[in-house]
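the sequence isn't on hand, but the structure is:
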């Protein structure tokens, strides 16, 4: 399968990326690791006329402490998130889940920011950032930045709060070193997308629960979160885990099976996170 | 556009279309057909090569993205005199193949795995090659071959 023809432009700075986006507008797509975008282009589901390759912006590959949060450069690869000793200590669910993305070859190329900006509801890491209560730092024309909470970032199927001339530059997650956590993912083959997944983080009496592949966007299981906040048992909270979801049916699962899986995986996740 | 890629130690410069995939650059432009195309959807791993020393699926990388970097394919594994790489020898000795279609990708994934984890457990080997499918289902001997190569310090 061959992508439709496009122009290729490699940039070596955030300024260069923003300038290219300003020039080409929504005809352009940013290329990071390419492991979400190139498959879509090979299937001709995406036909951008310009690819702006940001894959070598080393300035956006970092993981560092910043007050109560960990700041992660948008172009940090899954492998580097997976093996980060800082994340293993301060937000272990993120390091663990990064190690569950695809397979080693994918993790050598794919980036955290690329996965989030793609906004695929079947991706693992958007749900983890939602459950952690993270946020995205977006850089716009002129270098102005704005911060968008993960809960406001995913706006539709493969759509996010990013404007065509903006760049996702950083992902921020709170430090939760003592939190209970669990990442649950059901796949048919090891490397597959999750049929359904669940990310659970329990810290200081509050719970973040987010679902993979249970609707058109990555989403929080708000009803289950609220149930726990008002003192419900794990079993009772898990029983409403699919209440805010609108899953679709496909070759892997019916809608009802996905709802069942969400309830089961959230229960398992809450049990593991409560140990 | 012009790309210049170090392939198996040799600098190769060619005029290519931006949409040319790395695997097609290797197979069709350079004639290095040891790297196979299996699924063409970054699932099966038959097209695995090393990009700057790490395993990647060359059906999901543009030749343009490899510009200025180093690629190693199965053709670059043996010495010039034909002496096999320890991982190739281990696949041979442990009969780590049946039809052989997945083998180049398996060898490249396995050597990349040992670069990151020199002494993997059997489970770590199985997880480490999760991105490579063997349609003959010959995983048992593939895993044994990788474990044997690791035991012999097979990274080189």
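In hand now; what should we look at? Keep in mind that what you see is a predicted model, and the values were worked out from it rather than measured.

ok, and the closest non-adjacent residue to the residue in the stretch 151-275 of chain A that chain B sits nearest to?
As assessed by C-beta to the nearest C-beta, chain B sits closest to residue A:190 within the stretch 151-275 of chain A, at 4.0 Å. (Glycine included, C-beta is placed from N, CA and C.) Nearest residue to residue A:190 in three dimensions, chain neighbours excluded: residue B:130, at 4.0 Å (C-beta to C-beta, 6 or more residues apart in numbering or on different chains).

using the three-state scheme, assign the one you found.
The three-state assignment at residue B:130 reads coil, by DSSP: H, G, I helix; E, B strand; the rest coil.

quick check: residues of chain A near chain B?
Residues of chain A lying close to chain B by C-beta under 8 Å from any C-beta of the partner chain are A:1-8, A:10, A:31, A:34-35, A:38-39, A:41-42, A:51, A:53, A:55, A:102-106, A:108-109, A:190-191.

before we move on, back to that, give me the number of residues near the residue nearest to residue A:190?
As a burial measure, residue B:130 scores 18 neighbours (other C-beta atoms under 10 Å in any protein chain shown).

try the one 10 residues further on
Look at residue B:140: counted by other C-beta under 10 Å, it has 12 neighbours.

A helix includes it, no?
Yes: under three-state DSSP, residue B:140 falls within a helix.

and it, what pLDDT?
What the model reports for residue B:140 is a pLDDT of 97.

give me the low-pLDDT residue ranges for chain A?
Low-confidence segments of chain A (pLDDT under 70): none present.

how does chain B divide into domains?
If you go by automatic domain parsing, the domain ranges for chain B are B:2-76, B:86-151.

export these as CSV, with columns for distance to residue A:139.
Converted to CSV, the domains of chain B look like this (distance: least, C-beta to C-beta, whole Å):
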stretch, distance to residue A:139
domain B:2-76, 23
domain B:86-151, 32
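
the residue nearest the centre of chain B and chain A: what is the separation?
Centroid-nearest residue in chain B: residue B:108, 2.7 Å away (criterion: C-alpha atoms, centre = their mean). To chain A, residue B:108 is 9 Å away according to C-beta to the nearest C-beta, to the nearest Å.

doesn't residue A:152 make contact with residue A:134?
No: counting by C-beta atoms under 8 Å, residue A:152 is not a contact partner of residue A:134; they are 11.6 Å apart.

more neighbours, the two?
residue A:134 (25 against 11).

and the residue lying closest to the more buried one once chain neighbours are set aside, what does it touch?
Among residues not flanking residue A:134 along the chain, residue A:173 sits closest, at 4.1 Å (C-beta to C-beta, 6+ apart). Neighbouring residues of residue A:173 by C-beta atoms under 8 Å, 6 or more residues apart in numbering or on different chains: A:69, A:70, A:72, A:91, A:94, A:129, A:132, A:133, A:134.

tell me where the stretch 51-200 of chain A has helices.
For the stretch 51-200 of chain A, the helices defined by DSSP state H, counting those that start in this stretch cover A:78-82, A:85-90, A:92-98, A:104-109, A:112-118, A:124-132, A:150-153.

brain fart, chain B
Using DSSP state H, the helices assigned to chain B run over residues B:22-24, B:86-93, B:103-116, B:122-128, B:139-151.

dump these to JSON lines, plus distance to residue A:234.
As requested, those are arranged in JSON lines below (distance: least, C-beta to C-beta, whole Å):
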{"stretch": "helix B:22-24", "distance to residue A:234": "48"}
{"stretch": "helix B:86-93", "distance to residue A:234": "47"}
{"stretch": "helix B:103-116", "distance to residue A:234": "37"}
{"stretch": "helix B:122-128", "distance to residue A:234": "29"}
{"stretch": "helix B:139-151", "distance to residue A:234": "37"}
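
residue B:73: which of the ones you listed is closest?
With C-beta to C-beta as the measure, helix B:103-116 is the member of the helices of chain B nearest residue B:73 (7.5 Å).

so the closest one versus helix B:139-151, what angle?
40 degrees (axes from the mean of the first three to the mean of the last three C-alpha atoms, to 10 degrees).

quick one: helix B:103-116 to chain centroid distance?
Per C-alpha atoms, centre = their mean, to the nearest Å, the displacement of helix B:103-116 from the mean C-alpha position of its chain is 6 Å.

tell me the mean pLDDT for that helix?
97.
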